[in-house]
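Trainee: Model the following, please.
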Amino acid sequence: MFDHFVWSVVVVPPLVVLVVRLLADRLPPASAARAVAWSAAVVAAASTANLLLFAMKAVAQVPAVGREFGWSARVVTADTAAEPWVPWLSVTLLAAVVVSVTQRWRRHRDVLALARSTPAGPLVVLEDPTARAFAVPGTPGYVVVTTGMRSLLTDRQFDALLAHEHAHLAGRHHRLARIAGLAAAAHPALWWVARHVDYLLERAADEQAATEVGSRRTVAHAIGVAALATAGTGASAAGSALSVLHVATPRGIVPRRVSLLLTPRTWRGAGLLRLLPAALAAFSCVWSVEAALDLVELIEAARGVH
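Mentor: Numbering: from 1, shown residues only. The predicted structure is shown next:
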């Protein structure tokens, strides 16, 4: 069973990172975000399933458990005799995954609860000199903009900013960000993948805003002004919490977003490229299924010896 652990837990998640780097800006951002987020989620689930199977094997190796359920603990232990540390390491890693994913889920749930207040309209303007703007999902969702941000933008740039935030709401981008975030919580190698999903969602909102406003340059200018205005600023506790719902990316990649708005690309072979992360996810699932079948066969063999 050790080879299943190696492929699903150790090898495939870093491979997903390499594939995402390869696909960066070579796919339409909206479809790329969906493909990458769901692929990362499947890979994380397959890795967690493998940890669960090896944790179950660790329990099955206990002599008292073998006597209780009628199998030979010695036979179960012999399967990974060359790597005796793997089952018990899996128990520790599985516990860490459960804690990490639970904390991430609760954090997102608490933020959503904070945002459930009914707004006065689709746009909420806060009296705050700090330049901030973010989308709050819900039914309906709404956009929050501070007076500090509004004062920095021209009317056209403000329209572009609103179009960008409404694109987040219409595309339910917070859901993809949550999926990618939970995947990263389940496997640390997927942390960079989750950050790249954030970037792709920002790019998708940029493209949608450019379409609605009718000017890629206006959207690029609005992004630049907003990025400069928010650099090094603080925020209130409520604003900081709610802005988690808005998919914020590191300011270091703002120049790339602006560049891609000003020099749009054509997407060639997008369909085939999109299959790469999905193929890795499927590959990881195959190894997890095989690990489950091997564990069942091992327990049956141990019953026969007992």
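
Trainee: so where do the helices sit in this structure?
Mentor: Along the chain, the stretches classed as helices by DSSP state H are 2-5, 12-23, 29-60, 63-69, 73-78, 85-114, 147-150, 155-170, 173-186, 191-213, 216-230, 237-242, 254-262, 270-305.

Trainee: pLDDT (mean, whole number) over the fourth one?
Mentor: Rounded to a whole number, the mean pLDDT of helix 63-69 is 90.

Trainee: Same question for the longest one.
Mentor: Mean pLDDT, helix 270-305: 86.

Trainee: Apart from its neighbours in sequence, what residue is nearest residue 144?
Mentor: The shortest distance from residue 144 to any non-neighbouring residue, by Cβ to Cβ, 6 or more residues apart in numbering, is to residue 124 (4.8 Å). Bear in mind the C-beta positions are built from the backbone N, C-alpha and C, glycine included.

Trainee: still on that earlier bit, dump the helices of the chain to TSV, plus distance to residue 131.
Mentor: What follows is the helices of the chain, written out as TSV (distance: least, Cβ to Cβ, whole Å):
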stretch	distance to residue 131
helix 2-5	48
helix 12-23	31
helix 29-60	25
helix 63-69	60
helix 73-78	61
helix 85-114	21
helix 147-150	4
helix 155-170	11
helix 173-186	21
helix 191-213	17
helix 216-230	4
helix 237-242	11
helix 254-262	14
helix 270-305	35
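
Trainee: how about CSV for those, with distance to residue 139 and mean neighbour count added?
Mentor: Output for the helices of the chain, formatted as CSV (distance: least, Cβ to Cβ, whole Å; neighbours: other Cβ atoms under 10 Å):
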stretch, distance to residue 139, mean neighbour count
helix 2-5, 42, 18
helix 12-23, 32, 18
helix 29-60, 22, 23
helix 63-69, 49, 13
helix 73-78, 51, 18
helix 85-114, 11, 15
helix 147-150, 25, 18
helix 155-170, 10, 21
helix 173-186, 13, 23
helix 191-213, 20, 22
helix 216-230, 27, 20
helix 237-242, 16, 14
helix 254-262, 29, 17
helix 270-305, 30, 16
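
Trainee: Residue 136: which of those is closest?
Mentor: Closest to residue 136 of the helices of the chain, according to Cβ to Cβ: helix 237-242, at 6.0 Å.

Trainee: ok, residue 23 to residue 101 distance?
Mentor: 26 Å (Cβ to Cβ, to the nearest Å).

Trainee: Without its sequence neighbours, what residue ends up closest to residue 3?
Mentor: Nearest non-adjacent residue to residue 3, counting by Cβ to Cβ, 6+ apart: residue 287, 8.0 Å away.

Trainee: got the contact list for residue 224?
Mentor: Contacts for residue 224 (Cβ atoms under 8 Å, 6 or more residues apart in numbering) come out as 254, 258.

Trainee: ok so, going back, residues contacting the residue nearest to residue 144?
Mentor: 142, 143, 144, 145.

Trainee: Hmm, residue 50 and the residue nearest to residue 3 touching each other?
Mentor: Yes: under the criterion of Cβ atoms under 8 Å, residue 287 makes contact with residue 50 at 7.3 Å.

Trainee: shared neighbours of those two, which are they?
Mentor: Joint contacts of residue 287 and residue 50 (Cβ under 8 Å, 6+ apart) are 4, 8.
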